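**Student:** Here is a sequence with its predicted model. Questions after.
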Amino acid sequence: MKHVTLFSDGSALGNPGPGGYGTILRYGESERELSGGEPHTTNNRMELRGVIEGLKALKEPCSVEIISDSSYVVKGINEWLENWIKRDFKKVKNPDLWNDYIAASAPHHIKATWVRGHNGHPENERCDLLARSIAEQIKEEHNGSNGAH
């Protein structure tokens, strides 16, 4: 089974507001960057969306270490998800995305690791830049389309 490292970060301007995610997939010497966003979202949704999209990009079952500065994502995966499933996501935010995560993670062996954000971690900084760039781009497009500046 291939070992892949998935670095991910999310951003939202306004929270809720325009948001983006940035993800780096690394296998050996190979890297692939992914990014995307939504016009009206939250930081936590983008943090989780980055992980989901990274997992969906994998073509075969892998051992995946998810590196994130989001304690929401890391604790959700490592600590909370099992109980959330047992209670059918009652009183849990973002159940749609958590169900997407469950589907995307199913073929893989997952380990989630938290890193301190904005602390010089090169991949986390790159993911943050990707996420913020997308959020800014969406904000500009949205402002341009409705005449607001």
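**Tutor:** Yep, it's here.
**Student:** Now do the end-to-end distance for stretch 8-26.
**Tutor:** End-to-end span of stretch 8-26 (C-alpha to C-alpha, to the nearest Å): 11 Å.
**Student:** Please give the element, helix or strand, for the residue nearest the centre of the chain.
**Tutor:** With distances taken as C-alpha atoms, centre = their mean, G50 lies nearest the centre of the chain, 2.4 Å away. Using DSSP states H and E, G50 sits within helix 43-56.
**Student:** Would you mark the buried spots in that helix?
**Tutor:** 43-55 (16 or more other C-beta atoms under 10 Å). From N, CA and C alone the C-beta is placed, and that goes for glycine too.
**Student:** Which strands or helices does it pack on?
**Tutor:** Under the contact criterion of 3 or more C-beta pairs under 8 Å, 6 or more residues apart in numbering; DSSP states H and E, helix 43-56 touches strand 2-12, strand 17-27, strand 30-41, strand 62-68, helix 71-75, helix 95-105, helix 122-146.
**Student:** In JSON lines: those, plus mean neighbour count and mean pLDDT.
**Tutor:** JSON lines is the format used below for those (neighbours: other C-beta atoms under 10 Å; pLDDT from 0 to 100):
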{"stretch": "strand 2-12", "mean neighbour count": "25", "mean pLDDT": "97"}
{"stretch": "strand 17-27", "mean neighbour count": "24", "mean pLDDT": "98"}
{"stretch": "strand 30-41", "mean neighbour count": "17", "mean pLDDT": "97"}
{"stretch": "strand 62-68", "mean neighbour count": "21", "mean pLDDT": "98"}
{"stretch": "helix 71-75", "mean neighbour count": "17", "mean pLDDT": "98"}
{"stretch": "helix 95-105", "mean neighbour count": "16", "mean pLDDT": "98"}
{"stretch": "helix 122-146", "mean neighbour count": "17", "mean pLDDT": "91"}
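**Student:** To W114, which of those lies closest?
**Tutor:** When the helices and strands packed on helix 43-56 are compared by C-beta to C-beta, helix 71-75 sits nearest W114, at 4.3 Å.
**Student:** With just CA atoms, put the closest one into CSV.
**Tutor:** Coordinates of each C-alpha in helix 71-75 appear next as CSV, following Å, rounded to 0.1, in the frame of the first residue of the first chain:
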residue,chain,number,x,y,z
SER,A,71,-8.1,20.9,15.3
TYR,A,72,-11.7,20.6,14.1
VAL,A,73,-10.6,18.3,11.2
VAL,A,74,-7.9,16.4,13.1
LYS,A,75,-10.0,15.8,16.3
